[in-house]
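S.K.: Return atomic coordinates for the entry below.
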Amino acid sequence: MASDHARRWRFGWVFAAIWLGYLVAPLKTLIEAPSGWERAVGLAGLTGFVAAYLVSVADGRRSRVTGEPRPLAARWAQVAVLLALAAAMVPGAGHYALTAGVYVTAVAMMNLPASHGIAVAAALFVVAETVPRTVAGWRDGGYGLAILLAAVATYGLRVAFERNLRLVEAQAELGRLAVDNERARIAADLHDILGHSLTVVAVKAELAQRLLDVDPERARAELRDVEMLCRDALADVRATALGVRGVSLAGEIAAARVALKAAHVRADLPTAADEVEGRWRELFAWTIREAVTNLVRHSRARSCQIRLTPHSVEVLDDGVGSAGPDGQALDGQGLDGLRRRAEALGAQLSAGDRTDGPGFRVLLEAPS
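M.R.: Next up, the predicted model:
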């Protein structure tokens, strides 16, 4: 999983490189400056700054994606190198060199511990606000505000990235648990099916063997029972194997409970599904899965209720309704496919905004 993310983000430095365009001002100033050590040192410092910035960004992304720890001293060393290279630009670029503080802030906020990054951003903000007012010939180009905005934006990206990474890891763990649980279920089902059936088959076969010379008709009856038991056991094994790709109503209720809890949604769910007829259980299970998936992804709901009767299942939430948080309709391909599945079985699916308050409602009604 970590390697997949590493491959996905291996070109993340390209995104970071786009923002280097704001260094055009100090670059232009250095190019237009008279020849001298200030110009030469400034251009060298700017070139090294760009390279060190890209390396720092790439190292930070790789560390976050792969989970490989990086020594704090090494991360601080990168910040220190950036500060030194930025200082090298000052003699030739003047106040334009303060633009580099934005990039140093971004690297510190992403790579250092949060408290350390905030300290660096605060220090650079003070420098950017005070130095232009105290050094003759320098002017305030809004560098302090830019540093402040960079700190806030970068911290937001950091939090979003970390949360997304934890979500992916949690989904992977749930997938592994689901596979393990399914293997355990199949093993238990096969044990129950074959253990009982083969025991009865063995007993009846032994009895038929003893009756062959004593009561042939009774022996034939026992052999017919053996044949029927073998066919039933084979059908049960096939059903169990097909169940690997299917869904169960009880399982989807349990999965909904886990998903809603993870999304911090209060759940009012049925405790049993025994009253639902066997022919409708899989359809009801698919309905709960699709409705809860949409709820967790789009609704921003705080509570969810699932009502189950022998011939209907209803999923209610108190979220933003059919428009979704981004103005996109929630009644999309998933519900369309579920509607076609329901119609093929003679059931009816309705989905839309609730009439008794805010939220979304999915109702599947099966004929009695």
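S.K.: Can you name the helix or strand that residue 358 falls in?
M.R.: Using DSSP states H and E, residue 358 maps to neither a helix nor a strand.
S.K.: and it, how many neighbours does it have?
M.R.: Using other C-beta atoms under 10 Å, the number of residues around residue 358 comes to 13. C-betas here are computed from N, CA, C, even on glycine.
S.K.: quick one, what contacts it?
M.R.: 318-321 (C-beta atoms under 8 Å, 6 or more residues apart in numbering).
S.K.: Identify, from the residues you listed, the entry nearest to residue 38.
M.R.: Nearest to residue 38 among those, counting by C-beta to C-beta, is residue 320 at 57.9 Å.
S.K.: Counting neighbours, what do you get for that closest one?
M.R.: There are 19 residues near residue 320, going by other C-beta under 10 Å.
S.K.: My guess is it contacts residue 295. True?
M.R.: No. With contact defined as C-beta atoms under 8 Å, residue 320 does not reach residue 295; the gap is 10.6 Å.
S.K.: Identify the contacts common to the two.
M.R.: Joint contacts of residue 320 and residue 295 (C-beta under 8 Å, 6+ apart) are residue 301.
S.K.: quick one: low-confidence ranges for the stretch 51-200 of the chain?
M.R.: In the prediction, the stretch 51-200 of the chain carries residues with pLDDT under 70 at positions 185-186, 188-200.
S.K.: thinking again about what came up before, output the contacts of residue 358 as JSON lines; include the columns distance to residue 209, pLDDT and secondary structure.
M.R.: Formatted as JSON lines, those follow (distance: C-beta to C-beta, whole Å; pLDDT from 0 to 100; DSSP: H, G, I helix; E, B strand; the rest coil):
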{"residue": "318", "distance to residue 209": "68", "pLDDT": "93", "secondary structure": "coil"}
{"residue": "319", "distance to residue 209": "67", "pLDDT": "89", "secondary structure": "coil"}
{"residue": "320", "distance to residue 209": "71", "pLDDT": "87", "secondary structure": "coil"}
{"residue": "321", "distance to residue 209": "70", "pLDDT": "83", "secondary structure": "coil"}
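S.K.: As JSON lines, the residues you listed with distance to residue 277 would be great.
M.R.: Output for the contacts of residue 358, formatted as JSON lines (distance: C-beta to C-beta, whole Å):
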{"residue": "318", "distance to residue 277": "30"}
{"residue": "319", "distance to residue 277": "31"}
{"residue": "320", "distance to residue 277": "34"}
{"residue": "321", "distance to residue 277": "32"}
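S.K.: Can you tell me which of these is nearest residue 173?
M.R.: residue 319 (26.2 Å).
S.K.: which phi and psi does that closest one have?
M.R.: With angles defined as degrees, to the nearest 10, residue 319 sits at phi -90, psi -150.
S.K.: Tell me, how many residues neighbour it?
M.R.: 23.
S.K.: now do residue 315
M.R.: Applying other C-beta under 10 Å, I find that residue 315 has 24 neighbouring residues.
S.K.: tell me the secondary structure for it?
M.R.: strand (DSSP: H, G, I helix; E, B strand; the rest coil).
S.K.: Equivalent analysis for residue 224, please.
M.R.: Classification of residue 224 by three-state DSSP places it in helix.
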